[in-house]
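> Sequence and predicted structure, then a few things I'm wondering about:
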Amino acid sequence: LTVKWMLDAEQGPGINRYFWETRPWADGGAFYFFPLGGELRLCRPPEATGGLLAEEMGLGKTIETLALTLLNPRPQTQLTVQHQQQVQKLCTRATLIIAPKALIGQWCAELHRYAKDLAIITYDAGDENASKVHSRHVRRTAGRDHQGCAVGEKVETLAFAGSDRWVPATITRVYKRPDSVLYDLRITITAEFLCDHDFVFTSYPTLKIATGNTVLQCLKKISWWRICLDECQMVREATTNLAKSCTDLASVHRWMISGTPLTTSINDLNGELQFLRVWPFSLSDKDDGFWEHRIGNAWASRDPAALDLLNPLLSTVMIRHSKSQRHLDGSKLTSLPANSIQWQGLPLGKGSAAYLYLWIEAFVASELTRRVQSGWGRGVLDQLNADDKRCFHKLRALMTMLRRACTDTKTIELPVLDDAIRK
């Protein structure tokens, strides 16, 4: 059901066609009308296909994305150079996956498990110039024989097993065997090289780099068939460099993937929808004001008018299933075992690391106790005053530091901690 819905979303008329109508002016020309909200715009809404895949954790979002990729490949007729905003773009069949670093290995393992023949590459910070490969398919430039190739020599090799594209490489090690010779090589990564793959992975920290980001510059040269943001709540603040970098990438289809797309408030959705380009819900309040006026303020005051707009939006762009759901015949949606939570203590070691963690823990506990005793925390976040909201976000940042300290206290940024305490 989910894969069929995703397939329909990519092959359908586009998300904005469900919300906007083109209507003529009496004296010629046209404007664009949004019947659900009774508003009009003079600019044409962008073409946008894709959606928000919000399945509960464990229900196979990775496999559903893989199935979509296999069922809806890019037609060969579209694999030509395009010009977008007077900039030449290389068209590729590849799906670009942007995910937290910790999840890229899980993605690759699942893809190798169910689709071993796919060409997969991770292109991340540190891989700007070259990617390590192991191959026996080596030749000198101009197709000359590879016999006698030595370490440090510049040669050509196949982009990956099964490819017919030869790419520049440098030999880093030679393995001589009785019947063959194998080579370790470093391939120079280019946009053309990435285009020859089915899946390309990169991480959010890489795209956060503001200046001199050669990875981002390379990714921007390509018109991707599909871009997927895993854990899409990472771009909930549309004004950050990360969100802008993701939004500026060119693609035909766009998907946001997360079991928990909302982390702080309903306003997270406004920032996330900017990637999907769903008008007018994705327009920033600085430039348009629709979200704050029609949804943000109404939601904060618990006005049912907010649901009159949110329900049609979510039913169009989002799909979600949970483990508690059942089929019409009463059978369970999945046979996964019941979720369980176990508390496991972690040894903090000795010395400064343990002292720092315990000090932060005591500080957070004292702040929480003081605030609760003063009456804070009895209402929802949207109903707190400005001072309480600042306290909430400060404590939330400190709790994040505690979680990081469980792994390694070196991950704690002491200037940030000091600033939070002073405020």
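Looks like it came in fine.
> Which positions within stretch 321-330 qualify as buried?
Buried residues in stretch 321-330, defined by neighbour count with 16 or more other CB atoms under 10 Å: K323. All C-beta spots, glycine's among them, are computed from the backbone N, C-alpha and C.
> So what touches it?
Under the contact criterion CB atoms under 8 Å, 6 or more residues apart in numbering, stretch 321-330 has outside partners 2, 55-56, 58-59, 332-334, 336, 339.
> again, only this time at 6 Å
55-56, 59, 332-334 (CB atoms under 6 Å, 6 or more residues apart in numbering).
> Tell me which two of those residues sit farthest apart.
Across these, no pair lies farther apart than E55 and K332, at 15.2 Å, counting by CB to CB.
> Which one's more surrounded, these two?
E55 (18 against 11; other CB atoms under 10 Å).
> show me the contacts for that one.
Counted by CB under 6 Å, 6+ apart, E55 has contacts 61, 321.
> that older thread, tell me which of the contacts of stretch 321-330 is nearest to K410?
E56 (33.5 Å).
> Distance of the closest one relative to T239?
30 Å (CB to CB, to the nearest Å).
> and the two? which has more neighbours close in?
E56 (18 against 10).
> wait, what's in contact with that one?
Taking CB under 6 Å, 6+ apart, one finds 259, 322-323 in contact with E56.
> can you check R226 too?
95, 253.
> Please apply the same query to P73.
R93.
> Centre-most residue in this structure?
L229 (1.9 Å; CA atoms, centre = their mean).
> isn't that residue right up against A99?
No: counting by CB atoms under 6 Å, L229 stays clear of A99, with 7.8 Å between them.
> Give me the distance from the helix or strand hosting L356 to the chain's centre.
Using DSSP states H and E, L356 falls within helix 352-373. Mean-position distance between helix 352-373 and its chain equals 33 Å (CA atoms, centre = their mean, to the nearest Å).
> Identify the bridge partners of R326.
K332 (DSSP bridges).
> cool, and E39?
F34.
> Show the pLDDT at it.
Looking at E39, its pLDDT stands at 85.
> likewise D127?
For D127, the predicted pLDDT is 52.
> And I98, by the same measure?
pLDDT at I98 comes out at 90.
> mind listing what the host helix or strand of it pairs with, with the direction of each?
Using DSSP H and E, I98 maps to strand 95-99. Using DSSP bridges, the strands paired with strand 95-99 in its sheet are strand 199-203 (parallel), strand 222-230 (parallel).
> Just want the angle from whichever helix or strand comes after the longest one to strand 95-99.
This means strand 222-230. Scanning forward in sequence from strand 222-230 by DSSP H and E, the next helix or strand is helix 241-248. Using axes from the mean of the first three to the mean of the last three CA atoms, to 10 degrees, the direction of helix 241-248 lies 170 degrees away from that of strand 95-99.
> Quick one: mean pLDDT for the helix or strand following helix 241-248?
Using DSSP H and E, the helix or strand that follows helix 241-248 in sequence is strand 250-257. What strand 250-257 shows for mean pLDDT is 90.
> same question, stretch 305-314
Mean predicted lDDT for stretch 305-314 stands at 86.
> Pull the residues that contact it.
With CB under 6 Å, 6+ apart as the criterion, stretch 305-314 contacts 36, 281, 295, 298-299.
> List the buried residues for that stretch?
So stretch 305-314, judged by 16+ other CB under 10 Å, has buried residues 306, 309-310, 313-314.
> picking up where we left off before, what would the strands paired with strand 95-99 look like in a markdown table with mean pLDDT and distance to C149?
A markdown table is the format used below for the strands paired with strand 95-99 (pLDDT from 0 to 100; distance: least, CB to CB, whole Å):
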| stretch | mean pLDDT | distance to C149 |
| --- | --- | --- |
| strand 199-203 | 87 | 29 |
| strand 222-230 | 90 | 31 |
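> would you list the ones you listed in CSV and tack on distance to I209?
As requested, the strands paired with strand 95-99 are exported to CSV (distance: least, CB to CB, whole Å):
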stretch, distance to I209
strand 199-203, 11
strand 222-230, 17
